[in-house]
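Undergrad: Prediction below, plus the sequence it came from.
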Amino acid sequence: GEDVEQSLFLSVREGDSSVINCTYTDSSSTYLYWYKQEPGAGLQLLTYIFSNMDMKQDQRLTVLLNKKDKHLSLRIADTQTGDSAIYFCAESISRGYQKVTFGIGTKLQVIP
Amino acid sequence: EAEVAQSPRYKITEKSQAVAFWCDPISGHATLYWYRQILGQGPELLVQFQDESVVDDSQLPKDRFSAERLKGVDSTLKIQPAELGDSAMYLCASRLGPAPGELFFGEGSRLTVL
């Protein structure tokens, strides 16, 4: 079945790197996403990775995918106070249509 | 910049009343999703449309919730009657087609049931 798990909370100091982890259960995932949600707002796509890739880098963001362990991580370099938000991991699974399932979200707190 | 439009932004209602939410996806986007996000949780899929057809409504509480996308463009999600446990953010998202790709989200409709 579809299940995406994340830790609930992460606190880092400004300027440090943040690493947010996610595990998923469905091996037929096609895309894996990281979305960001600020208070009272909708979700904004940060980055995504194809399931046949193992790494993607986009400016301060690095996504690592371990398909064998079904583990996805998001690294944010030089974390800023503006990065404080909730980060959602999501997977797109082929069911004859593409179903997108989200994790519970990791709240990132950046301490100045 | 194209965006997913949702209304109302906020809705306060009493239990047993009817409530409706509207979503207008990005022009040309064939796939439309309604998610419910309870405070402190991740979005949960309620219903997914491909054009005007429902492709997944397995998590939609059909005794009180209904959704339609009559012309394959905008969509309405209705709750009747509303219950206290329906208090949540209702998020609409759209995607260009059935293939994997980015979901674009609206700002959401926050429902409070008193």
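TA: That came in fine, so what should we check first?
Undergrad: Excluding chain neighbours, give the residue nearest to A:E38 in space.
TA: In space, and not counting its chain neighbours, A:E38 is closest to A:A85: 4.9 Å by CB to CB, 6 or more residues apart in numbering or on different chains. C-beta coordinates here come from the backbone N, C-alpha and C atoms, glycine included.
Undergrad: Tell me the spatial nearest neighbour of residue 105, not counting adjacent residues.
TA: Picking chain A for this. Nearest non-adjacent residue to A:G105 (CB to CB, 6+ apart): A:I86, at 4.3 Å.
Undergrad: Sorry, I should have been clearer: chain B.
TA: The shortest distance from B:F105 to any non-neighbouring residue, by CB to CB, 6+ apart, is to A:G42 (3.9 Å).
Undergrad: give me the number of residues near the nearest residue to A:L61 once chain neighbours are set aside?
TA: In space, and not counting its chain neighbours, A:L61 is closest to A:T47: 5.3 Å by CB to CB, 6+ apart. Neighbourhood size, A:T47 [other CB atoms under 10 Å in any protein chain shown]: 17.
Undergrad: quick one: which helix or strand includes A:T47?
TA: Following DSSP states H and E, one finds A:T47 within strand A:43-50.
Undergrad: Next, the buried residues of that strand.
TA: Buried residues in strand A:43-50, counting neighbours by 16 or more other CB atoms under 10 Å in any protein chain shown, are found at A:L43, A:L46, A:T47, A:Y48, A:I49.
Undergrad: of all these, which two lie farthest apart?
TA: A:L43 and A:I49 (16.9 Å; CB to CB).
Undergrad: A:Y87: which element?
TA: Per DSSP H and E: A:Y87 is located in strand A:85-94.
Undergrad: and A:V19, what are its bridge partners?
TA: Counting by DSSP bridges, A:V19 forms beta bridges with A:R75.
Undergrad: Share the number of residues neighbouring B:A18, please.
TA: B:A18 has 11 neighbours, counted by other CB under 10 Å.
Undergrad: what's it in contact with, if anything?
TA: Applying CB atoms under 8 Å, 6 or more residues apart in numbering or on different chains, we find B:A18 in contact with B:K78, B:I79, B:Q80, B:P81, B:A82.
Undergrad: 10 Å - rerun?
TA: Going by CB atoms under 10 Å, 6 or more residues apart in numbering or on different chains, B:A18 touches B:R64, B:K78, B:I79, B:Q80, B:P81, B:A82.
Undergrad: go on, A:I93?
TA: The contact partners of A:I93, by CB under 10 Å, 6+ apart, come to A:1-2, A:24-31, A:51, A:99-101, B:100.
Undergrad: For A:A85, see how far away it is.
TA: According to CB to CB, to the nearest Å, A:I93 stands 25 Å off from A:A85.
Undergrad: Any chance you could list what contacts the lowest-mean-pLDDT helix or strand in chain B?
TA: Sorted by mean pLDDT, DSSP states H and E, the helices and strands of chain B end with strand B:104-105, the least confident at a mean of 93. With contact meaning CB under 10 Å, 6+ apart, strand B:104-105 is reached by A:35, A:37, A:41-45, B:2-4, B:6, B:25-26, B:29, B:33, B:35, B:43, B:91-96.
Undergrad: And the nearest residue to A:L64 once chain neighbours are set aside, how close does it get to chain B?
TA: Nearest residue to A:L64, sequence neighbours excluded (CB to CB, 6+ apart): A:S73, at 4.8 Å. The spacing between A:S73 and chain B, counted by CB to the nearest CB, to the nearest Å, is 17 Å.
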